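Asks: Quick one, structure for this:
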Amino acid sequence: MANSDSSLKMEQPTRTVHHYPSIVNPGETEVISYRLANNDLHRTDGPALIETEGVGPDATVTEKWYLHGQRHRIGYPAVVKYIKNNPKIKLREAWHQKGQLHRIGGPACVSRNRQGIKDYEAWYQRGQCHRFNGPAITRYDEKKPDMKLWVEYFQHGVLHRLDGPAYTRYNDENPKFKRKEGWYLDGKLHRKGGPAETFYNKEKPHTKIWDHWYWDGKSHREDGPAKIYYTGGEPNIITSEGWYLNGEHHRIKEPAVIRYNKDKPGKRRLEQWWINGKLHRTDGPAAIIYDEEGKVKASYKYINDEEVNPAD
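Replies: Okay, here's the model as predicted:
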């Protein structure tokens, strides 16, 4: 039996218009939507959701493309926000396919200020932050669009980079200098031959505040302390050192934690002996506290993380 003409027709969406008080700009927000009988947003010949917010020069329009309830558009952004009186300035663009952020050959998310200067971009494929041979996320300085404030390298949804830091945050006041950087492989902090994370003094760009060594996501270093903290001044004096192996405090025959008196360089104020993540020392106290002059103020003896009779 042949199908009737009505059964061959595609279901057409219903257009509705609503008005709401704006919480951002003066005036109302107008929302035009196209929905199927099951309430899914859907339209094949234009945006299924159109939001107009504000009045006058501040008014903006956001258009969103949907198919059967999922954001979807081929070859163009599925979300576009622009200034109503100047549609050429796109404040936001987002590429979606089948409900996922996705774009080949360009960023899937882009935002701009009202002067049309790009301040953010992110690359996605199949819903995952992803890009080969370049940063997947970049934030730009609005005042100096050629200056980057933040870059992150992602592959298949995790921070990852082979030939440099996977994220770099630049100094807000002087973007030529780094504020913080981190090295990642397959989503884990990891670096061979140097610290995986470094934090710099904002006022003194070349001066470090701390260094952290990681291997396969764990604090780890075999030739020195895995965590080093500095005063961040001039001269830049070490205030604390921590030795780690495979994520645990560990050091043989020497203290694994040393904290220094920042007012008296070289003077220690704390020492702790650790073996495989446990406070442990057999030939003396495992924890020693020093006074301002560097003399022993208190000491405690530990075996396998358990305190025994206080050391003499």
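Asks: Can you mark which positions in stretch 295-310 are buried?
Replies: Under the neighbour-count criterion of 16 or more other CB atoms under 10 Å, stretch 295-310 has Ser299, Tyr300, Lys301, Tyr302 buried. From N, CA and C alone the C-beta is placed, and that goes for glycine too.
Asks: my guess is His206 meets Thr198, correct?
Replies: No. Counting by CB atoms under 8 Å, His206 sits too far from Thr198 to count as a contact (11.4 Å).
Asks: more crowded one of those two?
Replies: Using other CB atoms under 10 Å, the more surrounded residue of His206 and Thr198 is Thr198, with 19 against 10.
Asks: Just confirm the more buried one contacts Thr207, I think it does.
Replies: No. Checked against CB under 8 Å, the pair Thr198 and Thr207 is beyond contact range at 11.0 Å.
Asks: how about the helices in the protein?
Replies: 5-8 (DSSP state H).
Asks: Can you report how many residues lie near Glu197?
Replies: Glu197 has 19 neighbouring residues, counting by other CB under 10 Å.
Asks: Run a quick neighbour tally on Arg92.
Replies: Using other CB under 10 Å, Arg92 is surrounded by 16 other residues.
Asks: The closest residue to it other than its chain neighbours: what's it in contact with?
Replies: Excluding the flanking residues, the one nearest Arg92 by CB to CB, 6 or more residues apart in numbering is Lys81, at 4.0 Å. Applying CB atoms under 8 Å, 6 or more residues apart in numbering to Lys81 gives the contacts Thr60, Val61, Thr62, Glu63, Lys90, Leu91, Arg92, Glu93.
Asks: try it again with 7 Å
Replies: Listed by CB atoms under 7 Å, 6 or more residues apart in numbering, the contact set of Lys81 reads Thr60, Thr62, Lys90, Leu91, Arg92.
Asks: out of those residues, who has the most neighbours?
Replies: Thr60 (20 neighbours).
Asks: okay, the residue lying closest to that one once chain neighbours are set aside: pLDDT?
Replies: Distances taken as CB to CB, 6+ apart place Glu53 nearest to Thr60, at 5.5 Å, with adjacent residues excluded. pLDDT recorded at Glu53 is 90.
Asks: Also Glu152?
Replies: 98.
Asks: and it, how far is that from Gly54?
Replies: 32 Å (CB to CB, to the nearest Å).
Asks: got it, and Ile117?
Replies: 21 Å.
Asks: ok, now Gln128?
Replies: 34 Å.
Asks: ok, the closest residue to Asp141 other than its chain neighbours to Gly164 distance?
Replies: Setting aside the residues directly before and after it, Asp141 is nearest to Met147 in space (CB to CB, 6+ apart), at 4.1 Å. To Gly164, Met147 is 18 Å away according to CB to CB.
Asks: Closest to Gln12 out of the contacts of Lys81?
Replies: Set against Gln12, the nearest of these by CB to CB is Thr62 (23.4 Å).
Asks: so what's that closest one bridging to?
Replies: Per DSSP bridges, residues listed as beta-bridge partners of Thr62: Glu51, Lys81.
Asks: Same check on the one 4 residues further on?
Replies: In this entry, Tyr66 is beta-bridged to Arg71, by DSSP bridges.
Asks: quick one: contacts for it?
Replies: Going by CB under 7 Å, 6+ apart, Tyr66 touches Leu41, His42, Arg43, Ala48, Leu49, His72.
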